[in-house]
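# Below is the sequence, then the predicted model.
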Amino acid sequence: MCAHRSPPTARIPRLPRVVPDRLPRPARAVLACVPGLAAVAALVLCAVGVDRTPGDAERAVAARAAVGHRAPKPPVVPRERWLGDAASTQPPTRYAGRVSAVFVHHTDSPNGYDCADAPRIIQSLYTGQAGVRHWDDIGYNFLVDRCGTVYEGRAGGTERAVVGAHTQGFNVGTTGIAALGTFTAGVPVPRAMTDAIAAVAAWKLGLTGIDPRAPVRLVSTNSLSKYRAGTRGTFTAVSGHTDGYWTACPGAALMARLPAIRQHAARLQGRH
């Protein structure tokens, strides 16, 4: 298996509470003119912050852009469908402020399964990670079978920025999507699987207006990754596990499909 757990000392910084009536008067005026979801996105931009301080007009444009490049949520099978009676006691879910990148994995398990058996396979992965290895849950946020079915992995809510245990050093602010199977060099990667990975990536990254093809900078929380703790690494918004950690995961065949997955995800967001 290629999921990896961040050290228990890694902490998530608290975001400032955003209270609309404490925002500057010009910012409140902008939000009053932005309806529905765009207003929510504008508040998120204020809460999360950026490297520089944009003007009110720039914040409004950024909020509209984020909404304009959202992709629809694909169908996701809830974890109750595969968990069954295998559930174990787990600590409270940890959350990040937002999802800035997606890491693609493979589960290093057999490929010749019937898709009807996918829930049983995922339960087995969960038992190995949460039971045998004593992790707090399955490491991946989502899993995708060869027929293109998407399964909820780690608990905490598919809509939220759940901190997983999939890419050592870079679990905070990212989503881990695992392809059920082993995709080393020369192994065919089903089109339905890559389409489903692209759909999840487009949706999760689109919630914050991130182009799946864009470069993103992430801070490592663990020196066992390819980057010392506290240093920044530059990734593509949809990357492979091997980009952040010393591993062959997600396999050479699936890594070779990442450019096409990024392009498909960008199209699903309405980008050219």
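Received it, and whenever you're ready, just let me know what you need. Quick caveat, the model's predicted, so the values are computed rather than measured. Numbers count the residues shown, from 1 in each chain.

# Residue 227 and residue 169 touch, don't they?
Yes - between residue 227 and residue 169 there is a contact under C-beta atoms under 8 Å: 6.3 Å. Where you see a C-beta, it was placed from the backbone N, CA and C, and this is true even at glycine.

# Have a look at those two and say which one is more surrounded.
Higher neighbour count among residue 227 and residue 169: residue 169, with 25 against 20, using other C-beta atoms under 10 Å.

# contacting residues around stretch 77-94?
Identification of contacts with stretch 77-94 by C-beta atoms under 8 Å, 6 or more residues apart in numbering yields 12, 118-120, 122-123, 126-127, 130-131, 136-137, 149-157, 162-163.

# what's the answer for stretch 181-201, then?
Contacts for stretch 181-201 (C-beta under 8 Å, 6+ apart): 71, 74, 102, 104, 106-111, 113, 142, 144-150, 175, 177, 179, 212, 237-238, 248, 250-254, 257, 260-262, 264-265, 268.

# Pretty sure residue 235 sits in a helix.
No - going by DSSP: H, G, I helix; E, B strand; the rest coil, the assignment for residue 235 is strand, not a helix.

# next structured bit after the host helix or strand of residue 194?
Secondary structure assigned from DSSP states H and E places residue 194 in helix 191-206. Counting by DSSP H and E, the next helix or strand C-terminal to helix 191-206 is strand 215-219.

# sorry, back to before: filter the contacts of stretch 77-94 down to the buried ones.
Those of the contacts of stretch 77-94 that meet the buried threshold are 118-119, 122-123, 126, 130, 136-137, 149-156, 162-163, by 16 or more other C-beta atoms under 10 Å.

# So which of these belong to helices?
118, 119, 122, 123, 126 (DSSP state H).

# Leaving out the residues flanking it, which one is nearest to the second one?
Residue nearest to residue 119 in three dimensions, not counting chain neighbours: residue 82, with 3.7 Å by C-beta to C-beta, 6 or more residues apart in numbering.

# and that neighbour, backbone torsions?
phi -110, psi -20 (degrees, to the nearest 10).

# number of nearby residues for it?
22.

# Please tell me how far it sits from residue 217.
According to C-beta to C-beta, to the nearest Å, residue 82 and residue 217 sit 34 Å apart.

# Ok, residue 69 next?
20 Å.

# Mind telling me what element residue 264 is part of?
helix 252-268.

# packing partners for that helix?
strand 101-106, helix 191-206, strand 238-240 (3 or more C-beta pairs under 8 Å, 6 or more residues apart in numbering; DSSP states H and E).

# Let me see the mean pLDDT of it.
For helix 252-268, mean pLDDT is 98.

# Go ahead and name everything in contact with that helix.
Applying C-beta under 8 Å, 6+ apart, the contact partners of helix 252-268 are 71-72, 104, 106, 179, 183-189, 194-195, 197-199, 201-203, 205-206, 211-213, 236-240, 242, 272.

# Buried among these? Need that as a selection in PyMOL.
Per 16+ other C-beta under 10 Å, the buried members of the contacts of helix 252-268 correspond to this PyMOL selection:
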select buried, resi 71+104+106+179+183+189+194+195+197+198+199+201+202+203+205+206+211+212+236+237+238+239+240+242
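
# Centre of the chain to stretch 237-256, how far?
14 Å (C-alpha atoms, centre = their mean, to the nearest Å).

# mind listing what's buried in that stretch?
237-245, 247-251, 253-255.

# Let me know how buried residue 161 is, in neighbour terms.
23.
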